[in-house]
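[1] My questions are about this predicted structure, shown below with the sequence.
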Amino acid sequence: NAGVTQTPKFRVLKTGQSMTLLCAQDMNHEYMYWYRQDPGMGLRLIHYSVGEGTTAKGEVPDGYNVSRLKKQNFLLGLESAAPSQTSVYFCASTRPNTDTQYFGPGTRLTVL
Amino acid sequence: GEDVEQSLFLSVREGDSSVINCTYTDSSSTYLYWYKQEPGAGLQLLTYIFSNMDMKQDQRLTVLLNKKDKHLSLRIADTQTGDSAIYFCAESMDIGTADSWGKLQFGAGTQVVVTP
């Protein structure tokens, strides 16, 4: 099993550009999450999904959109990137009634 | 602001014990977790404790929970250079509904540096 994978690993954008981050898991997990990690602030939840076709807002959803068209994939979109979105983005997944969230390796995004 | 608080840095000598502290605010949290993040990597679950427990031991790791003070600690015995990493405390935000399961509130992380 590959676990949780994220594409791309690194990306540099100009202000106003758009992009999509892809998260894929091969563990048949129901729940998936997108976090951002900023220095001194830990991880903050952006959006999450409790099943295929469902999404919900987390703590810091503004400026991001998500889609969960397939159970194994969770996409995070930035329609018009801003420098404040420079961060490391982590995807995670879990299944109901378990204790463990499995994290991907992260995507480092810089917006100039 | 953070609901989960941790000190930002800890320096420890190889072979000594490390103690990382965390305070949380949600007394209804059912689980509390410790995650480890090595440089350039994602988070890896180290251990967790259920809220009705006071202590949990797992090899070199000991978790202590003081519910009255909402204080959680992680002790690493015989700290090794491979233990150098950022350690995150997290509390579950599960309120028993389907959409709350698995949601976690993280602290800012404690950078642990192990010196020879």
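    The structure has been received and is ready for your questions.
[2] With residue A:75 as the reference, measure out to residue B:8.
    33 Å (Cβ to Cβ, to the nearest Å). For glycine as for every other residue, the C-beta is placed from the backbone atoms N, C-alpha and C.
[3] For these two, indicate the residue with more neighbours.
    Remark: of residue B:8 and residue A:75, residue A:75 carries more neighbours, 18 against 12, as counted by other Cβ atoms under 10 Å in any protein chain shown.
[4] Give the burial count for the residue nearest to that one when sequence neighbours are not counted, as a bare number.
    Spatially, and ignoring its direct neighbours in sequence, residue A:75 is nearest to residue A:67 (4.9 Å; Cβ to Cβ, 6 or more residues apart in numbering or on different chains). For residue A:67, the neighbour count with other Cβ under 10 Å is 15.
[5] again with residue A:43
    27.
[6] pretty sure it is touching residue B:106, no?
    Yes - taking contacts as Cβ atoms under 8 Å, residue A:43 lies within contact range of residue B:106: 4.4 Å.
[7] Now the common contact residues for these two.
    The contact sets of residue A:43 and residue B:106 overlap at residue B:88 (Cβ atoms under 8 Å, 6 or more residues apart in numbering or on different chains).
[8] Tell me the strands beside the longest strand seen in chain A, with direction?
    Counting by DSSP state E, the longest strand found in chain A is strand A:42-51. Neighbouring strands of strand A:42-51 in its sheet, by DSSP bridges, are strand A:31-38 (antiparallel), strand A:54-57 (antiparallel).
[9] Next, the contact list for the residue in chain B positioned nearest to chain A, please.
    Across chain B, the shortest distance to chain A (Cβ to the nearest Cβ) belongs to residue B:42, at 3.6 Å. The contact partners of residue B:42, taken as Cβ under 8 Å, 6+ apart, are A:4, A:90, A:92, A:103-106.
[10] go again using 6 Å as the cut-off
    A:90, A:103-106 (Cβ atoms under 6 Å, 6 or more residues apart in numbering or on different chains).
[11] now, which of the residues you listed sits nearest chain B?
    Using Cβ to the nearest Cβ, the contacts of residue B:42 come closest to chain B at residue A:103, 3.6 Å.
[12] what's residue B:81 sitting at in phi/psi?
    Dihedral angles of residue B:81 (phi, psi; degrees, to the nearest 10) stand at phi -60, psi -30.
[13] Who are the contact partners of the closest residue to residue A:32 other than its chain neighbours?
    Distances taken as Cβ to Cβ, 6+ apart place residue A:74 nearest to residue A:32, at 4.1 Å, with adjacent residues excluded. For residue A:74, the contact set (Cβ under 6 Å, 6+ apart) comprises A:23, A:32, A:49, A:68.
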